[in-house]
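Peer 1: After the sequence you'll find the predicted model.
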Amino acid sequence: MISKKIGIVVEIADSSEVLDDIRVNVNGQIQRAYNYTKLTGKINIGDEVILNTTAVELSLGTGGYHFVITNLNNKESDLSPGGHIMKLRYTPYQVKVNAVEDHESKYHDVINEFETLDNMPVVVGTLHSMLTPFVASYKRHNPNKKLVYIMTDGAALPIYLSKNVQNLKDKKLIDSTITIGNAIGGDFECINIYTALITAKEIIKADAVFVSMGPGISGTGTKYGFTGIEQGPILDAVKKLGGNPIAIPRISFADLRDRHKGISHHAITIFKEIVNVNANIPVTIYSDKEKFDYIKKQIKDNRLFDKHNIIYLENNNCKDDLDYFNLKVRSMGRNYEQDKEFFDAASTAAYYLMEVCDDSKGDYCK
């Protein structure tokens, strides 16, 4: 059973076409809530709303907000036109979307006639916070190349929740978005990662693709019990379709949990046991010898060189790339200065991609 409360909207702190950041009076306390406009409609000050208050009552970090279930002052809505594929199926919030694969879609035959990704580079991360540093480094040096973001359903389902995505799109740094599985709200909707990759290649004509879940990640402290494990099957899918799989390792020296020191046990599990194909894994060369030696020892001890292409790259540009676009980053509550190795790893993937790929000759990668 979820926790539900009734609240009165007292302030609309921020509003867009897809998301309202509101303040609600719940039993005399002013609290924060989100309203997804495309799911629950318009909202006004004074409206009485039913809220899902579960995450706040559990004191969760990521996702620790109230969400509007329904607006009692705006009870009815009409079905938007088009689309027959359902997402969030068999839940009170099931919605129909214009999926690329749909029989009535103008792209239906394109999906059917697909042959190969033709070595298109696909960078796969595990945390949503890897997106911004990768995009900043890639787009600063490739402003005219088309970059597509595929958001999986491993965390937040509505892409509207990601202010990072909205900010990057507003700055013209992400050219198009695709949401897959039960994730919703992308420029294109797809049923799975395979058709999303085909859509990026054949319909959007992407030069590069970045794949990760949206905001939020689930972890349990167990070897396999984390949503980021999806990185393995995604890398397999890229290779299966003839793409160039590039993996961002999760690296940190700021996380106080020993299992996440250096290369996270999550990343080691994925690279060592889950992914079946040979992936390209760029690793930053640190000026701090102790940290760099620690990373190299982890790679050696887990024999990652036997299975994957590990590439060591010099990269001191991440912060400059972020500042160039006036972008701020944060992961697990930490900013760039507090966890630079984490963000550098995503940036280094961009520099690796630029080093090996050259589509000016008609090929994605040399």
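Peer 2: Okay, I see it.
Peer 1: So, low pLDDT: which residues of this protein?
Peer 2: 60-63, 358-366 (pLDDT under 70).
Peer 1: go again using 80 as the cut-off
Peer 2: Low-confidence regions of the chain, defined by pLDDT under 80, span residues 59-64, 256-260, 357-366.
Peer 1: Report the buried residues of whichever helix in it runs longest.
Peer 2: The residue-count maximum for a helix in the chain (DSSP state H) belongs to helix 340-356. Buried residues in helix 340-356, counted by 16 or more other Cβ atoms under 10 Å: 340-354, 356. C-beta here means a position set from N, CA and C on the backbone, and glycine is covered the same way.
Peer 1: could I have it exported to PDB, CA atoms only?
Peer 2: Provided in PDB are the C-alpha atoms of helix 340-356 (Å, rounded to 0.1, in the frame of the first residue of the first chain):
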ATOM      1  CA  LYS A 340      36.100  14.700  -9.600                       C
ATOM      2  CA  GLU A 341      37.100  11.100 -10.600                       C
ATOM      3  CA  PHE A 342      33.500  10.200 -11.000                       C
ATOM      4  CA  PHE A 343      32.700  13.000 -13.500                       C
ATOM      5  CA  ASP A 344      36.100  12.700 -15.200                       C
ATOM      6  CA  ALA A 345      35.200   9.100 -16.100                       C
ATOM      7  CA  ALA A 346      32.200  10.200 -18.200                       C
ATOM      8  CA  SER A 347      34.200  13.000 -19.800                       C
ATOM      9  CA  THR A 348      37.000  10.600 -20.700                       C
ATOM     10  CA  ALA A 349      34.600   8.400 -22.600                       C
ATOM     11  CA  ALA A 350      33.800  11.400 -24.700                       C
ATOM     12  CA  TYR A 351      37.400  12.000 -25.500                       C
ATOM     13  CA  TYR A 352      38.000   8.400 -26.300                       C
ATOM     14  CA  LEU A 353      35.000   8.500 -28.700                       C
ATOM     15  CA  MET A 354      36.500  11.600 -30.400                       C
ATOM     16  CA  GLU A 355      39.900   9.900 -30.600                       C
ATOM     17  CA  VAL A 356      38.700   6.800 -32.400                       C
END
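Peer 1: so what secondary structure elements neighbour that helix?
Peer 2: Helix 340-356 sits against strand 121-124, helix 131-141, strand 244-247, strand 251-252, strand 280-285, strand 309-314, helix 318-324, with contacts defined as 3 or more Cβ pairs under 8 Å, 6 or more residues apart in numbering; DSSP states H and E.
Peer 1: Next, the distance between the ends of stretch 87-99.
Peer 2: In stretch 87-99, first residue to last residue: 10 Å (Cα to Cα, to the nearest Å).
Peer 1: ok and the host helix or strand of residue 239 relative to strand 280-285, angle-wise?
Peer 2: Residue 239 belongs to helix 231-240 when assigned by DSSP states H and E. Interaxial angle, helix 231-240 versus strand 280-285 (axes from the mean of the first three to the mean of the last three Cα atoms, to 10 degrees): 120 degrees.
Peer 1: In contact with the residue nearest to residue 205 when sequence neighbours are not counted, which residues?
Peer 2: Spatial nearest neighbour of residue 205, chain neighbours left out: residue 146 (6.2 Å); criterion: Cβ to Cβ, 6 or more residues apart in numbering. By Cβ atoms under 8 Å, 6 or more residues apart in numbering, the contact set of residue 146 is 175-176, 204-208.
Peer 1: what's the answer for residue 11, then?
Peer 2: By Cβ under 8 Å, 6+ apart, the contact set of residue 11 is 22-23, 30, 45.
Peer 1: Quick check: it is in a helix.
Peer 2: No - assessed with DSSP: H, G, I helix; E, B strand; the rest coil, residue 11 is strand; it does not lie in a helix.
Peer 1: So what pairs up with it in the strands?
Peer 2: When bridges are called by DSSP bridges, residue 11 pairs up with residue 23.
Peer 1: between the contacts of residue 11, which is closest to residue 308?
Peer 2: residue 22 (46.0 Å; Cβ to Cβ).
Peer 1: correct me, but the closest one touches residue 30?
Peer 2: No - at 10.5 Å, residue 22 does not count as touching residue 30 under the criterion of Cβ atoms under 8 Å.
Peer 1: Name the residue in the two with the higher neighbour count.
Peer 2: Neighbour totals were compared for residue 22 and residue 30, and residue 22 leads with 25 against 12 (other Cβ atoms under 10 Å).
Peer 1: outside of stretch 176-184, which residues touch it?
Peer 2: Applying Cβ under 8 Å, 6+ apart, the set of residues contacting stretch 176-184 is 87-89, 95, 97, 146, 148-153, 156-159, 165, 169, 185-193, 195-196, 199-200, 204, 206, 214.
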